[in-house]
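Colleague: Got a predicted structure here, sequence first:
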Amino acid sequence: MASACSIRVRGVVQGVGFRPFVYRLARANTLGGWVLNGEEGVEIYLEGPERGVQAFVRELKAQPPPAASIAEVEINPVAPLGVNEFTIRESLRQKGPTVRISPDLPVCDECLAELFDPGNRRYQYPYINCTNCGPRYTVLLGLPYDRPTTTMKDWALDDYCRTEYLNPANRRFHAQPVACPACGPNYFLCAPEGVVNEGSESIRRAAALLRDGKILAVKGLGGYHLACDALAATAVAALRERKYRKEKPFALMARDIQVARSVTELSAAAEDLLTSDARPIVLVPARAKLDGVAPENDELGVMLPYTPLHHLLFAAGAPRLLVMTSANRSSEPIAYEDEDAFTSLSGIADSFLVGRRPIARRVDDSVARAGVLGPVILRRARGYAPGAVANLPTRRPILALGADLKNTVTLVVEGQAFVSQHIGDLDHYQSFRAFQETVRDLVSMYEIDWNELRVVHDCHPQYVSTVYGSELKVSQRLAVQHHRAHIASVLAERGAWEKPVVGVSFDGTGYGDDGSIWGGEFFVGSVRDGFERVAHLRSASLPGGDAAAQYPVQAAAGFLSQIEDLPDLTAEPFHFPRRYRDALELVRRGVRTFSTTSMGRLFDTAAALLGFTRAITFEGQAAMWLEHLARGGVEAEAYPFPFTGDELDFVPLLRSLVKDRLRGRDIREIARAVERGIAQGLADATIAVARARGLDTAVLSGGVFQNEMLLEDLKPMLENRSIELWINHAVPPNDGGISLGQAALAALAPSTGTAPRKTE
Ligand SMILES: [Zn+2]
Ligand SMILES: [Zn+2]
């Protein structure tokens, strides 16, 4: 008996070979009908024998194309139209798009095999791709995803590529960026001795330059990299000097997994991340000591080749382990436009390996770690963005602007929360421009009417994102407190709107309800009802405000000013510089001194007391240094960090630290005792709050929880007391996750007024 139905498939289903897959499946089951890309996903009309339709639906769900990700299949029976043939129809266009844009994909095995097959038309062609792999978000100029809306629009297909592009049985059927050496773009090399235009030859020469210890700017998927031989200490040192990047670790690209294994301790979970479709930089324990790559750090950030070009470079003899760092001057956003790259990187790179395919938008490499509580994303960009990370219970479009550090923005369309790629620190003008571009990009891509947008921003009146948000002409605006947004980001990932939890939000800085600098906060509540602040770190002074974050000794002055009978810290063994005395003086006179409960500054204080008395050169450096010290292979009892009912008191902890330091205890042991003490104090406080409120789940978020040792210590402390630990997995625990939390709290807020917030 003939039956007919219409099927709508939502999720990542466009630009991933979904229509040819549907076409083959329909033909295999002798069904008539059609498939097309609609605004909300893929739409299918089917008619034929009942059994065939059922088999079709089963396989559709069970074996979608590798790059697809089905979120929902909606099936509605309809009256048969009498269609016998199955066809692929043109894209449909009507109202605003809610289709998910696919993140970029690494080159697939089939394309790789062709890449190295001398008989293949695309032999050694750096832009080889198919519907299962290749660029997506970084070539996309608009929706729907079609050749004219990509950065490949200026290259016309030749007959060979067109035949493949139009053949539903071919792997390149409607692969929008498809190209071959005859019709597509290629790479060229700009070296001091001249330009090499021929693609393969330019790559061979580039590999030779890397072998010679030269620094190469390489155009990739979402921006330029600076590359050099990671095993050549002089090349690495030169790169540091030219890039003004003193100490921040460089990312590495290993030729293959064996090379990665030879320099790092790869767990099975880390290998899964490393080889996942997102191909992130994975932070893993170092096995080899590589001069200058990651100074005073136990971890190396490694990734595997993900574009055909990377594979070609290694095959052409590039060193097996490369430094592959975002091409920019320190802290500026990654360069992605050719002209900008040539200007900003001249004086850093010796040569440029440039591809002619334009990059639609800047997308950095992602950074992840296989942690003790599961995978954690520390920077969410290439391979993940702009994927939806959560489904929020709202139909209203929401734009959440995030925080000023490690900024991301989130756009909510029909309940789907699309989190942007990592944008960076907005106090840099270039990053602020990137922020504005990203906002406009997302809002126009999804054709959202600005008048209908609910805009959410941080409470910090001086954040540039706040100022930007308050100047937008929109009907609704909402401020969400920083640390509540952190907690909500974890719950949003899990769709837990009602669940009451203990929320622990530890980070460096965030604007509190009382206008002071928060960062060591305990909440109870839910996304729906809001979060009540129930406890916090004991307040300390912060001389110089947020500027103290640059100087651990300046933060230390604020914390130590509360402790009596301190020895002279400018003398042995502390050697605090003059800045410490000046800061103490500010505290004493109450000049430019703020109140803080920042856990980040407590870590800085401990690091200063253990010898980190210089300025930091990147965010979180002192805390990472402390963790590195604590991992020096020693065990130590926790220092006391007592919870008094509404405060965690750091005074006994710092007192013990100073005492041990004076009597000459091994600083690695002291660091271990600090780490464990902080974990124990946090655990005690969480357990006390949970028991008092009858709660069994703790949510941890905020930059401090990038500290893997803290999580390792906490896990048994809390789980042994039957408290479940929830952390971020889809968005970063640092401020990169703030925009999602803001969006979640705004989604559940009443249509006027403020976000759900319980105050003391
Ligand atoms: Zn492929
Ligand atoms: Zn071609």
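Modeller: That came in fine, so what should we check first? Ligands and ions are numbered 1, 2, ... in the order given.
Colleague: CA atoms for contacts and neighbours, from now on please.
Modeller: Will do.
Colleague: how far away is the residue nearest to residue 575 when sequence neighbours are not counted from residue 589?
Modeller: Counting by C-alpha to C-alpha, 6 or more residues apart in numbering, residue 575 lies nearest to residue 569, which is 6.2 Å off, once chain neighbours are set aside. To residue 589, residue 569 is 20 Å away according to C-alpha to C-alpha, to the nearest Å.
Colleague: With neighbour numbers in mind, choose between those two.
Modeller: Between residue 569 and residue 589, residue 569 has the larger neighbour count (other C-alpha atoms under 10 Å), namely 16 against 10.
Colleague: Could you tell me whether the more buried one really is in a helix?
Modeller: No - applying DSSP: H, G, I helix; E, B strand; the rest coil, one finds residue 569 to be coil, outside a helix.
Colleague: Thought residue 581 was touching it, still the case?
Modeller: No - between residue 569 and residue 581 there is no contact, the gap being 9.2 Å when judged by C-alpha atoms under 8 Å.
Colleague: Quick check: next helix or strand after the helix ranked longest in the chain?
Modeller: When the chain is parsed with DSSP state H, its longest helix is helix 667-693. Later in the chain than helix 667-693, the nearest helix or strand by DSSP states H and E is strand 697-701.
Colleague: Pull the distance from that next one to the chain's centre.
Modeller: 20 Å (C-alpha atoms, centre = their mean, to the nearest Å).
Colleague: That strand vs helix 667-693, what angle?
Modeller: Interaxial angle of strand 697-701 relative to helix 667-693 (axes from the mean of the first three to the mean of the last three C-alpha atoms, to 10 degrees): 130 degrees.
Colleague: Convert strand 697-701 to CSV, retaining C-alpha atoms only.
Modeller: Below are the C-alpha coordinates for strand 697-701, written out as CSV (Å, rounded to 0.1, in the frame of the first residue of the first chain):
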residue,chain,number,x,y,z
THR,A,697,24.7,18.8,43.3
ALA,A,698,27.5,21.3,43.1
VAL,A,699,28.1,23.4,40.0
LEU,A,700,31.6,24.7,39.5
SER,A,701,32.5,27.4,37.0
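Colleague: residues contacting whichever residue of the stretch 251-400 of the chain sits closest to ligand 1?
Modeller: Relative to ligand 1, the nearest point of the stretch 251-400 of the chain is residue 308 (9.7 Å; C-alpha to the ion). Neighbour list for residue 308: 107, 112, 115, 125, 126, 127, 128 [criterion: C-alpha atoms under 8 Å, 6 or more residues apart in numbering].
Colleague: Excluding chain neighbours, what is closest to the residue most central in space within the chain?
Modeller: In the chain, the C-alpha nearest the mean C-alpha coordinate belongs to residue 380, at 1.4 Å (C-alpha atoms, centre = their mean). Ranked by C-alpha to C-alpha, 6+ apart and with sequence neighbours excluded, the top spatial neighbour of residue 380 is residue 366, at 5.0 Å.
Colleague: State the number of residues packed around the one you found.
Modeller: 22.
Colleague: do the same with residue 488
Modeller: Residue 488, neighbours per other C-alpha under 10 Å, totals 31.
Colleague: now do residue 708
Modeller: With other C-alpha under 10 Å as criterion, residue 708 counts 17.
Colleague: and what of residue 540?
Modeller: Using other C-alpha under 10 Å: residue 540 sits among 24 other residues.
Colleague: That one pairs with what?
Modeller: Legend: beta-bridge partners of residue 540 under DSSP bridges are residue 596.
Colleague: ok, now which ones touch it?
Modeller: 558, 559, 562, 595, 596, 597.
Colleague: how about 6 Å then?
Modeller: 558, 559, 595, 596 (C-alpha atoms under 6 Å, 6 or more residues apart in numbering).
Colleague: Okay, it and ligand 1: tell me how far apart.
Modeller: Separation of residue 540 from ligand 1 (C-alpha to the ion, to the nearest Å) stands at 56 Å.
Colleague: And residue 545, by the same measure?
Modeller: Relative to ligand 1, and taking C-alpha to the ion, residue 545 is found at 52 Å.
Colleague: need the contact list for that residue.
Modeller: residue 594.
Colleague: mind running it again at 10 Å?
Modeller: Counting by C-alpha atoms under 10 Å, 6 or more residues apart in numbering, residue 545 touches 509, 516, 517, 554, 555, 592, 593, 594, 595, 596.
Colleague: now the residues you listed: which count as buried?
Modeller: Buried members of the contacts of residue 545, scored by 16 or more other C-alpha atoms under 10 Å, are 509, 516, 517, 554, 555, 593, 594, 595, 596.
Colleague: how near is the residue nearest to the centre of the chain to residue 325?
Modeller: Residue 380 is 16 Å from residue 325, by C-alpha to C-alpha.
Colleague: swap in residue 78?
Modeller: 55 Å.
Colleague: Out of the contacts of residue 308, list just those in helices.
Modeller: Short answer: the contacts of residue 308 in helices (DSSP H) are 112, 115.
Colleague: Would you check which pair of the contacts of residue 308 lies furthest apart?
Modeller: Distance extremes for the contacts of residue 308: the farthest pair is 107 and 125 at 12.0 Å, using C-alpha to C-alpha.
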